[in-house]
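Engineer: sequence first, predicted model second:
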Amino acid sequence: MYFCSCITLLPRMVLLLALCLLVAPLVHAYKPPLSVYKPPRWQYTATSQNNEDLVSRCKLQWRNATLDHFTWAQPSDGPSWFMQRIFICDEYWRPAPNGARGPIFLYLGNEADVTLYLNHTGLMWENAPDFGALLVFAEHRYYGQSKPWGVDVRKHMAYLTAEQALADYAELITELHDSFPGAEHSPVIGFGGSYGGMLAAWMRLKYPHLLDGAIAASAPIWNFYGEEPAFNEYAFAQGVTYDASEEAGAAPGCTETVRRGWQVLVDMGSDAGGRADISTAMKLCPDNQLKSKEDVVKLRDYLASAWDYLAMGNFPYPSSYMTNGAGDLPAYPVRVACDIIMEQDVWDGVKLMTGLADAAGVLYNFSGQVECLAPGTGPSPESDEDANFWDYQWCTEMVMPASRDGVTDMFWKETFNLTAAVENCRNTWGVEPRSTVWATTQWGGRDIAAGSNIVFSSGLLDPWHGGGVMEDVSKSLIALVIPEGAHHLDLMFSHPLDPTSVIDARTTELKHIKKWIKHASKRVPQQLERLMWWEAQQQHQQHQPQQKWHQQKERLGLGLWDAWLTG
């Protein structure tokens, strides 16, 4: 019931609209969030881990990107190009003695400001020195600061498609090869998580001559209508429930208590007295007091949405990723939420309502600065635009059905209502899906065996894994299942609390990246010579004292290249 319940506050990838309160009648369609929660700007904390030093280590560039790659007609009311934001991070990228440069690691930006991915994709940053790689972070059209038509962008949404975005990246790769001497044949490896992981996989399938391999993390490419066998549309809710189970490390009885809580909420909210008790127990803000049964339903959706986000961000250490850098969620936040609700030690009444609210507060009050709960208030204006734009993509080409049954999950029965979803798309954007099976038609669905050089990683703590690739498709389309992994944990920076399964996954990913680079280099004598020189240097470094090697790596690789180039 996220459609038309702006209470979800999602700033960017929550498939839900900030404008929906203007639309009548009220209709529902459950749409799980695809990525992070973006809180109001005022809630950002002083301890937020924004990693601004990483942005400062890169060069900001703007490129004239083609607005429409698939027609020769010129727009009648604007330019045929837009400014796309790119970050180039070249501190590890130096030419070999023969002039050839190392590989290019490209992050294919998804539905948010690209600096979010620049600041958190440790798999690229930590391994660039060992590969001598250039890091490139490209922003997805219409998101962040890469908006055609500027302030009038909402009047021109037709050019927002995954196909257009991939064509942007294809042009960018060609420009990178042409712009840097010695990089004409540099292998390119793509990285992406969530929708970005989907883009990385699709990029390799559609442009294999430009992208030599792809790491597609938490990429639910099989989350669409038309899959054979059919996609399990209950998988997301079941995945959230797993995170709250004793098997996943949460407090015993948590899932049963949460499931019971929704029914108690609805029952108490059926009359004015009960709604007043709920408002008091949950500390709802004065402007958010419950006045109707519809308000109770919106509140229920809002509280349930918190569990969706907490499950995606169920990392083994405190992290600011799921709050978009606004502040840290605790380690294993679902366990924390379960501990909170189970502390109430009661299954009925006011205490259970307090427990539901406090558990959701692990997300909504991560800063500890929220004095009252305000379902229905949206994020800051600059942050909810990206959420709305993702909803446009959902309405046109990314129809991802999701249902709940209240039996195999800890929620309530709610079958996905495609009719309601399409109606909302018409009312909000004036569009509807071209076809419910368009994504499968365009990208191949499960029939991708003709592709190659893609590693799909899925964490069992990430509720999106149900739509991901969980088994090897072929010898070069690899599936990595990470039992203790939440939403693309393998792309994050290494941490002392990383479980063995994610460490092993990264090792496997790096093995394949090395193989892809080696295979691509063999096609070009100059690149092959560079690779042989590079491997000799790496072997030489391995013979140096371990402490000295670590000291060199801590210096970010600076000086390593100079030492190699000067002999």
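Structural biologist: Okay, I see it.
Engineer: Val431 reaches Cys425, doesn't it?
Structural biologist: Yes. Counting by CB atoms under 8 Å, Val431 does reach Cys425; the two are 5.8 Å apart. For the C-beta atoms, the positions are set from N, CA and C on the backbone; glycine is no exception.
Engineer: where is the longest helix in this protein?
Structural biologist: helix 500-521 (DSSP state H).
Engineer: so how many other residues sit close to the residue lying closest to Val153 once chain neighbours are set aside?
Structural biologist: Counting by CB to CB, 6 or more residues apart in numbering, Val153 lies nearest to Lys147, which is 4.5 Å off, once chain neighbours are set aside. Neighbours of Lys147 under the rule other CB atoms under 10 Å: 23.
Engineer: how about Gly406?
Structural biologist: Neighbour tally, Gly406, other CB under 10 Å: 14.
Engineer: for the one 3 residues further on, same thing?
Structural biologist: Here the number of neighbours of Asp409 (other CB under 10 Å) works out to 25.
Engineer: quick one: the closest residue to it other than its chain neighbours from Ala244, how far?
Structural biologist: Leaving aside its sequence neighbours, Asp409 sits nearest to Ala237 (CB to CB, 6+ apart; 3.9 Å). Per CB to CB, to the nearest Å, Ala237 is found 11 Å from Ala244.
Engineer: can you give me the strands in the stretch 351-500 of the chain?
Structural biologist: 404-405, 413-414, 454-459, 477-482 (DSSP state E, counting those that start in this stretch).
Engineer: picking that back up, ok, Val431 and Cys425, which is more surrounded?
Structural biologist: Legend: neighbour count by other CB under 10 Å for Val431 and Cys425, higher for Cys425 (22 against 15).
Engineer: mind listing what the more buried one touches?
Structural biologist: Contacts for Cys425 (CB atoms under 8 Å, 6 or more residues apart in numbering) come out as 394-396, 431-433.
Engineer: in this structure Arg434 contacts Glu397, no?
Structural biologist: Yes. Applying CB under 8 Å, one finds Arg434 in contact with Glu397, separated by 6.8 Å.
Engineer: which one's more surrounded, those two?
Structural biologist: Glu397 (19 against 12).
Engineer: so the more buried one makes contact with Pro433?
Structural biologist: Yes. Between Glu397 and Pro433 there is a contact under CB under 8 Å: 6.9 Å.
Engineer: now do the helices in the stretch 251-400 of the chain.
Structural biologist: With DSSP state H, counting those that start in this stretch as the criterion, the stretch 251-400 of the chain has helices at 254-268, 272-281, 293-312, 333-343, 349-364, 381-396.
Engineer: need those helices in a markdown table with distance to Val153 and mean pLDDT, can you?
Structural biologist: Formatted as a markdown table, those follow (distance: least, CB to CB, whole Å; pLDDT from 0 to 100):
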| stretch | distance to Val153 | mean pLDDT |
| --- | --- | --- |
| helix 254-268 | 38 | 96 |
| helix 272-281 | 38 | 96 |
| helix 293-312 | 26 | 95 |
| helix 333-343 | 34 | 96 |
| helix 349-364 | 29 | 94 |
| helix 381-396 | 8 | 75 |
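Engineer: and of those, who's closest to Leu67?
Structural biologist: Closest to Leu67 of the helices of the stretch 251-400 of the chain, according to CB to CB: helix 381-396, at 15.8 Å.
Engineer: give me phi/psi at the residue lying closest to Leu116 once chain neighbours are set aside?
Structural biologist: Distances taken as CB to CB, 6+ apart place Asn324 nearest to Leu116, at 6.1 Å, with adjacent residues excluded. When read as degrees, to the nearest 10, the backbone of Asn324 gives phi 60, psi 30.
Engineer: and Asn324, how close does it get to Thr115?
Structural biologist: 10 Å.
Engineer: Thr428 against Phe389, yeah?
Structural biologist: No. In this structure, Thr428 is not within contact of Phe389 by CB under 8 Å, at 11.8 Å.
Engineer: neighbour count: the two, which is higher?
Structural biologist: Between Thr428 and Phe389, counted using other CB under 10 Å, Phe389 has the larger neighbour count: 23 against 20.
Engineer: Arg141 is in contact with the more buried one, correct?
Structural biologist: No. Using CB under 8 Å, Phe389 makes no contact with Arg141, being 9.7 Å away.
Engineer: find the residues that touch each one of these two.
Structural biologist: When contacts are counted by CB under 8 Å, 6+ apart, Phe389 and Arg141 have Leu160 as shared neighbours.
Engineer: can you give me the strands for the stretch 51-200 of the chain?
Structural biologist: Along the stretch 51-200 of the chain, the stretches classed as strands by DSSP E, counting those that start in this stretch are 59-66, 81-89, 104-108, 134-138, 188-193.
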